[in-house]
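Enquirer: show me the folded form of this:
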Amino acid sequence: MAVALALSFATDAAPSSAAAGGKPTVEALFADWRAFEAPPSHQGAPDYRASTFERRRAELARFRDRLAALEPSTVSTDARIDLALLRAEMNGFDFNLRVLQPWARDPAVYSSVRSEQSDTPAHEGPNAHGLVDLWTYSFPLSPQDEARLAGELRPIPAFLSQARENLTGNARDLWTTGIGTMRRQVADLTDLEQKVASGIIPVSLIRWQLTGKDEEIRAIVAKE
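Expert: Residues are numbered from 1 along each chain as shown. Next up, the predicted model:
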């Protein structure tokens, strides 16, 4: 998310591990939940499509059933605290699915590039998975870092294309502020393009798609 949102937000919800003899454990549930929380991939980008979230809603229900089944046999204080934390995370995931839906209501979620370090460990505000922390790189880039950065940037065009289909919510304030967020990303990418001359980083393509999204947002806000 980040609520990252929790957004978001990939795996099948079936148990992947258990204690000896096949007995379910809190540890197994935690490991499976952590794997599930990361979203599946679509064209190399986090998959925030409505159809995918509908499927994940059903998977969430199975996770809650597993947690409920563990509660009667969980007696240690540590394990009960772990279950309470898991329940809170599942409730947060559910709240994002039913109410917040930042992938459908907030264009800023599709801004993937961060040029400054956040003052919170998981980044401030709703964020998508797969953020690119430019501030962690030193310029000029080494060949290894340039290849790594190119790999982190490569999913962004597909993610922005997905945004054109996903952003269907009616949240005028978020759309208005989203213009500024997208402009900042265009500026960050322009600065990056000046620092890195190699063609392996698709900065021009990303910037073009962001500019198009900015115009789309302006048109939608103007109609409100």
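Enquirer: residues near residue 53, how many?
Expert: 21 (other Cβ atoms under 10 Å). To be clear about C-beta, it is placed using only N, CA and C from the backbone, and glycine gets the same treatment.
Enquirer: what about it, distance to residue 41?
Expert: For residue 53, the distance to residue 41 equals 14 Å [Cβ to Cβ, to the nearest Å].
Enquirer: what ranges do the helices span in the protein?
Expert: With DSSP state H, the ranges of helices along the chain come out as 4-7, 26-37, 50-70, 77-95, 102-105, 143-153, 156-166, 172-195, 203-223.
Enquirer: can you name every helix or strand that the longest one contacts?
Expert: When you say that, I think you mean helix 172-195. Judged by 3 or more Cβ pairs under 8 Å, 6 or more residues apart in numbering; DSSP states H and E, the packing partners of helix 172-195 are strand 113-114, helix 203-223.
Enquirer: chain center to it, what's the gap?
Expert: 18 Å (Cα atoms, centre = their mean, to the nearest Å).
Enquirer: and the helices and strands packed on helix 172-195, which one is worst for confidence?
Expert: Mean pLDDT across these is lowest at helix 203-223; the value there is a mean of 55.
Enquirer: what residues go with each domain of the chain?
Expert: Structural domains annotated on the chain: 4-100, 107-223, as defined by automatic domain parsing.
Enquirer: mean pLDDT lowest where, among the ones you listed?
Expert: domain 107-223 (a mean of 79).
Enquirer: related to what we said a few turns ago, can you redo the helices of the chain as JSON lines with distance to residue 118?
Expert: Shown next, in JSON lines, are those (distance: least, Cβ to Cβ, whole Å):
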{"stretch": "helix 4-7", "distance to residue 118": "12"}
{"stretch": "helix 26-37", "distance to residue 118": "19"}
{"stretch": "helix 50-70", "distance to residue 118": "25"}
{"stretch": "helix 77-95", "distance to residue 118": "19"}
{"stretch": "helix 102-105", "distance to residue 118": "17"}
{"stretch": "helix 143-153", "distance to residue 118": "16"}
{"stretch": "helix 156-166", "distance to residue 118": "19"}
{"stretch": "helix 172-195", "distance to residue 118": "14"}
{"stretch": "helix 203-223", "distance to residue 118": "20"}
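Enquirer: no more questions from me, cheers.
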